[in-house]
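> sequence and predicted structure are below.
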Amino acid sequence: MGDLEEDHAAEIVIDTRIDAAGIPIVSVSGELDSSNAASLEATVASIAAGHTERLVFDFSGLQFMDSAGIAVLVGVAAKVKAVQLREPSQAVRRVIELTGLSGVLPIEP
Amino acid sequence: MASVAFLLGLAVTAGFTLTSLALYDHNENHLLRLRARQVGSVLTAAVPSIQSTLASAAELADATGGNAQKFRQFMAPYAGPGRQFASASLWPLQASKLAPTVVVGTAPVLASLPAQARSLFAHAEHTRLLNTAGILGSAHPSVGFEFSTPDVKHGFAVYVENPLPKDRHSALAGNSAFSDLNYVLYLGRSRNPKNLLVTSLHRFPIKGRRASDVVPFGDSAFTLVVTPRGPLGGTFFASLPWIIVIVGVLISLAAALMTDRLARRRQHAEQLTGVLDRVAAENHQLYTEQRGIAQTLQHALLPDTLPDFKGLQVSARYVPAASGIDVGGDWYDVVAIDDRRVLLVIGDVSGHGLHAATTMALLRHATLAYAAEERDPATVLTKLSDFVNSGAHDYFATMLCALIDTDAHRLTIASAGHMAPLLIDGDDGRYPEIDANVPIGVERSSDYQETTVSVAPNATLVAFTDGLVERRGEVLDTGLDRLRDAATGQRLALDDLVAMVTRDVASEAHQDDTAIVVIKWET
């Protein structure tokens, strides 16, 4: 069982709320990677189904994101017209930029 | 297990019971000895009162010359029906014929036994003690005692007698201090049945617990044997061993049942554990198999050995994630377009496992098909993007297409969300500025841009996937700088450079799989 046990899930906290304007805000803090991207995907899928106009990810508490995280965001962007990233760290921002996704996943001013 | 617990419980119970029995036995014996001594002391206390009565009567007779009236007067309170003695008589010792001169109460049996009377008085003359006549007569046996003051001329002996009770049996009164005992009283120091005086028992000999005491009585003694009618220490202590036995057996039974139950549960748990272990083993096997299939597929899809290209040295390597969930979808290709141009493709399909590997296969072959028709990397990517987005899909891929012009020392790069390659010119390493563009599979009808850069002689191109530079807790640029610093200025053979970079630059954990392709212009 050794190999299975080595895949410890990274720490992640997902918090969702609807702001005053009716826009869903998904706050993700911790480290988003292949070990926990599925849980974010499941959470966001149910929200995206009911809010296809706009969705905001609050990444102010997110320290790390790998390609599995990007995949989740890209998947959301395919269903929701406007997906925005709020306060991503420099590391997350560079992943978005270098992956050529700045247009698909715009960073909020 | 259950029977062991039961037997263990029984053994402990037996131990406690035996201890308790031994203690009870010891205690009862001790108590009985005490009681025997108590009875003995009561008897001992009776001796002086009898002796003093008889001695006083003897002195009176000696002093009065055997005055019959005085003797009768003196003995009246002591002798007669319902009194201390059944019979009291006065015997002149020096008379020619030995016979009582005065009798109070019934006639003494001794009077009809001259031989025994002579023997008694002859012996009595020289003692200052109460003398015992022994048990007299056979039909209605009596016991008699005598006292005479020694060395008195024409002295008198006082003799008292009491018949023994019928069958020599006499029960103690229920309110007596000794009602908890049965007793046997013998005259003399032996337990000869002939000398039995009185007993509360009907049967002999005494069985079971008994204690005896010898009480001196005049020139003789009484031998007292007592046996308890019930437990002297109280019924609780008598029943304690039984209580221990019953409670112990019950506890043993309970322990046996509990052990049995625990054993069953444990067996059940072990069975469950066995099942779980088997499931885990099966899962692990499936996981290993799936990983193995994906890995096999990936390796099968990657070029085993790259062909030789005129004017170029090429080296490539694929490093799977060290542990990871599954293999990734990283791939690379280096194909000759014509005798002076080579197309480099490197890509990374999102996700892991069989799905990523098959998607990578699809993209790889589609890319090669478009590359056969189109020369411009940007057009290849645009066509590929159109192809991918024409169907439903749930993946995306970053890709780098680079057209290498060996002779012209020119490089045309188009990226679909993929990091720019490192370009090394001697001691100078840089990442050319290129348009990142969106990854394949994200947007419909994307228009991909390409960038052309001039390459210095003997330059080295390092293309890679993000597993090489991505590390937790740092910005990607840090990883890019690390790669540039490690690879630039090296004078290594190309294969050694690839080995060094994969060893030194990638994170030690190898959390993601990594593909790396290095191309060096020979001129």
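Nice, I can see it.
> can you pull the pLDDT of residue B:163?
pLDDT, residue B:163: 86.
> show me what contacts it?
By Cβ atoms under 8 Å, 6 or more residues apart in numbering or on different chains, residue B:163 lies in contact with B:86, B:140-142. To be clear about C-beta, it is placed using only N, CA and C from the backbone, and glycine gets the same treatment.
> show me which of these are buried.
B:86, B:141-142 (16 or more other Cβ atoms under 10 Å in any protein chain shown).
> just to revisit the earlier point, would you check which pair of the contacts of residue B:163 lies furthest apart?
B:86 and B:141 (12.2 Å; Cβ to Cβ).
> bridging residues for the closest residue to residue B:337 other than its chain neighbours?
Leaving out its chain neighbours, the residue that sits closest to residue B:337 by Cβ to Cβ, 6 or more residues apart in numbering or on different chains is residue B:343, at 5.5 Å. Residue B:343 has these beta-bridge partners by DSSP bridges: residue B:335, residue B:403.
> please name the nearest non-neighbouring residue to the residue in chain A that chain B sits nearest to.
Nearest residue of chain A to chain B, counting by Cβ to the nearest Cβ: residue A:100, 3.3 Å away. Excluding its sequence neighbours, the residue lying closest to residue A:100 (Cβ to Cβ, 6+ apart) is residue B:436, at 3.3 Å.
> enumerate the residues of chain A near chain B.
A:1, A:3-4, A:6-7, A:31, A:33-35, A:63-64, A:66-68, A:70-71, A:74-75, A:77-78, A:90-91, A:94-95, A:97-104 (Cβ under 8 Å from any Cβ of the partner chain).
> quick one: average pLDDT of whichever strand or helix holds residue B:481?
For residue B:481, the element it lies in under DSSP states H and E is helix B:476-487. For helix B:476-487, the mean per-residue pLDDT is 92.
> ok, now stretch B:72-80?
For stretch B:72-80, the per-residue pLDDT averages 88.
> in that stretch, what counts as buried?
Buried residues in stretch B:72-80, counting neighbours by 16+ other Cβ under 10 Å, are found at B:74-75, B:78-80.
> end to end, how far does that stretch reach?
End-to-end span of stretch B:72-80 (Cα to Cα, to the nearest Å): 11 Å.
> contacting residues around it?
In contact with stretch B:72-80 (Cβ under 8 Å, 6+ apart) are residues B:53, B:56-57, B:60, B:83-88, B:102, B:104-105, B:160.
> all strands for chain A, in order.
Listed in chain order, the strands of chain A (DSSP state E) span A:12-18, A:24-32, A:54-58, A:62-65, A:82-86.
> would TSV of those strands with distance to residue B:17 and mean pLDDT be doable?
Formatted as TSV, those follow (distance: least, Cβ to Cβ, whole Å; pLDDT from 0 to 100):
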stretch	distance to residue B:17	mean pLDDT
strand A:12-18	66	90
strand A:24-32	67	92
strand A:54-58	77	93
strand A:62-65	72	89
strand A:82-86	82	93
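> residue ranges with poor pLDDT in the stretch 51-200 of chain B?
B:173-175 (pLDDT under 70).
> also chain A?
A:1-9, A:109.
> tell me the centre residue of it?
residue A:73 (5.3 Å; Cα atoms, centre = their mean).
> any chance you could map the strands in the stretch 101-250 of chain B?
Remark: strands assigned in the stretch 101-250 of chain B by DSSP state E, counting those that start in this stretch are B:102-105, B:131-136, B:142-148, B:156-163, B:181-187, B:196-199, B:211-217, B:220-228.
> same list (the ones you listed) but as TSV, adding distance to residue A:27.
As requested, these are exported to TSV (distance: least, Cβ to Cβ, whole Å):
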stretch	distance to residue A:27
strand B:102-105	124
strand B:131-136	117
strand B:142-148	116
strand B:156-163	117
strand B:181-187	95
strand B:196-199	105
strand B:211-217	95
strand B:220-228	90
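> and the residue in the stretch 301-450 of chain B that chain A sits nearest to, how far from residue A:83?
Closest approach between the stretch 301-450 of chain B and chain A, counting by Cβ to the nearest Cβ: residue B:436, at 3.3 Å. Distance, residue B:436 to residue A:83, by Cβ to Cβ, to the nearest Å: 18 Å.
> the contacts of residue B:163: which ones sit near chain A?
When Cβ under 8 Å from any Cβ is taken as the criterion, no member of the contacts of residue B:163 contacts chain A.
> tell me which of those is nearest to residue B:466?
So of the contacts of residue B:163, ranked by how close each gets to residue B:466 (Cβ to Cβ), first place is residue B:141, at 127.6 Å.
> that closest one against residue B:164, yeah?
Yes: between residue B:141 and residue B:164 there is a contact under Cβ atoms under 8 Å: 4.9 Å.
> what do these two both touch?
residue B:135.
> which stretches of chain A form helices?
Along chain A, the stretches classed as helices by DSSP state H are A:2-6, A:37-50, A:67-79, A:90-98.
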